[in-house]
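Colleague: give me a model of this one.
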Amino acid sequence: MPRIFDNIEQPLLPALAETMEVSDRADFCVGYFNLRGWRAIDEHVEKWDGGDGHCCRLLIGMQRLPHEELRIARNLSEEQLDNQTALQLKRKLAEEFREQLTIGVPSNADEAGLRRLARQLEAKKVVVKLFLRHPLHAKLYLLFRPDPINPTVGYLGSSNLTQAGLSGQGELNVDVLEHDACQKLAKWFEERWNDRWCIDISEELTEIINESWAREEPIPPYHIYVKIAYHLSQEARAGLNEFRIPTDFGNKLLDFQTAAVKIAAHLLNKRGGVIIGDVVGLGKTLIATALARVFEDDHGLETLIICPKNLVPMWEDYRGQYRMRARVLSISRVINELPNMRRYRLVLIDESHNLRNREGKRYRAIQEYITENDSKCILLSATPYNKTYLDLSSQLRLFVAEDADLGIRPERLLQQMGETEFVRQHQAPIRSLAAFE
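Modeller: Alright, predicted model coming up:
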């Protein structure tokens with residue numbers, strides 16, 4: 001009877017590592033390969049000489065593709081698959097490996113493991129191929145050792161070459177020791193390894209690792225600074241080219257104010273809300289007025305302006321001077337008037353820091369109105385962050401859902417607690433506003 005490795009009562013990794021230790025080469029076929037997971041077994045490959053007959057040959061059958069390319073690839077028949085299509089799929093799949101390295105927080109162990117993998121790929125101790133002829137979801141680990149009685153040992157089952165597949169999650173694998181069965185498995189592997197549409201990507205993987213954060217040569221700090229600046233300015237650059245200022249404003253806006261209007265318009269259009277948090281004296285009121293006019297002109301919206309009572313006359317003047325299709329409402333009247341007010345698709349709130357307390361009646365009245373009418377929000381405040389982060393969070397909640405994916409995470413806290421414990425304690429998605437709170 002074969003042994004069963006389910007990663008619960010008996011993990012696969014120790015048995016695989018023990019067999020690799022007395023072997024001089026290996027053939028692996030898996031559906032998915034995690035680059036960082038390689039470090040679980042890399043030390044056993046390190047002692048092999050490399051090259052034909054002395055390496056680990058790794059065949060990958062179903063590495064995840066982007067959805068469109070995956071659909072095309074799966075619908076391709078053997079006759080339709082040509083060299084150009086195969087090279088295109090190879091590049092797409094290589095990019096998937098590159099994307100792997102952008103997920104999660106890198107560790108020192110990850111960095112060291114990836115560097116060892118790159119060196120082993122360069123030394124031909126590991127050779128990686130993609131099988132493109134048809135979907136292949138097999139998981140096979142064949143080890144060859146100098147043993148005249150039992151020269152080949154196989155492990156066959158459901159475990160991919162990932163840390164979770166080898167030891168972290170429930171799987172079902174068995175060992176194969178019978179000589180004839182091992183020979184048939186070796187022949188099966190060899191046929192696919194030598195298939196015309198089995199393509200070597202070892203050089204691409206080496207390049208991906210050597211261009212990543214795990215590279216041997218440190219990246220100059222200035223290059224990191226430039227890359228961060230480029231990505232942070234991406235939305236700003238998009239806004240500058242996407243919107244135009246209404247002619248009513250003539251030359252009344254300074255250059256920095258014109259840029260602020262266009263960038264804010266891009267953010268408002270994309271995210272449904274924006275905070276203009278300039279200090280006193282930089283023209284927040286004029287910037288917000290121009291921004292509202294952009295959306296009134298380009299999208300046909302009307303604006304509801306909510307402000308402290310003492311600012312109502314000022315906003316009424318701006319409404320008339322710049323021909324805004326707007327109503328001005330004192331914040332002291334929102335509790336009584338908002339429940340029955342008609343729909344305004346754009347809500348402009350001046351001195352929004354007054355809405356720090358999300359438990360207040362005014363806050364709830366405004367938030368309910370914005371939610372029910374699916375209104376976009378322009379918030380103005382010279383002091384959006386006053387005492388605690390919750391001051392800012394409460395204002396953001398006016399247009400950002402509590403569980404919306406922000407694309408960022410509280411990394412320092414996650415490093416301290418771990419993702420599983422964080423979710424257990426706080427019951428919040430890790431990329432949400434609630435997670436930062």
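
Colleague: got the domain ranges for the protein?
Modeller: Following automatic domain parsing, the chain resolves into domains at 4-218, 232-400.

Colleague: please, where are all the helices along the stretch 301-437 of the chain?
Modeller: Assigned by DSSP state H, counting those that start in this stretch, the helices in the stretch 301-437 of the chain fall at 312-321, 334-337, 361-373, 389-396, 411-417, 419-426, 433-436.

Colleague: got a list of what residue 341 touches?
Modeller: 304, 329, 369 (CB atoms under 8 Å, 6 or more residues apart in numbering). C-betas here are computed from N, CA, C, even on glycine.

Colleague: wait, doesn't residue 383 sit right on residue 351?
Modeller: No - using CB atoms under 8 Å, residue 383 is not in contact with residue 351, being 9.1 Å away.

Colleague: out of these two, which sits in the more crowded spot?
Modeller: residue 351 (17 against 14; other CB atoms under 10 Å).

Colleague: neighbours around the closest residue to the more buried one other than its chain neighbours, how many?
Modeller: Nearest-residue entry for residue 351: residue 308, 5.4 Å, with adjacent residues in sequence omitted and distances by CB to CB, 6 or more residues apart in numbering. Neighbourhood size, residue 308 [other CB under 10 Å]: 13.

Colleague: does residue 308 really touch residue 354, like I thought?
Modeller: Yes - applying CB under 8 Å, one finds residue 308 in contact with residue 354, separated by 7.2 Å.

Colleague: quick check: neighbours shared by the two?
Modeller: Going by CB under 8 Å, 6+ apart, residues that sit against residue 308 and also against residue 354 are residue 331.

Colleague: residue 27: which of the contacts of residue 341 is nearest?
Modeller: The shortest approach to residue 27 among the contacts of residue 341 belongs to residue 369, at 64.8 Å (CB to CB).

Colleague: what residues are up against that closest one?
Modeller: Applying CB under 8 Å, 6+ apart, we find residue 369 in contact with 334, 338-339, 341, 347, 375.

Colleague: so how do I select the buried members of these in PyMOL?
Modeller: The PyMOL command for the buried members of the contacts of residue 369 (criterion: 16 or more other CB atoms under 10 Å) is given here:
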select buried, resi 334+338+347+375
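
Colleague: so can I have TSV of the contacts of residue 369 showing pLDDT?
Modeller: Below are those laid out as TSV (pLDDT from 0 to 100):
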residue	pLDDT
334	89
338	91
339	91
341	90
347	93
375	92
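
Colleague: between the contacts of residue 369, which is nearest residue 290?
Modeller: Once CB to CB is applied, the member of these that ends up nearest residue 290 is residue 347, at 16.6 Å.

Colleague: thought the closest one was touching residue 304?
Modeller: Yes - under the criterion of CB under 8 Å, residue 347 makes contact with residue 304 at 5.0 Å.
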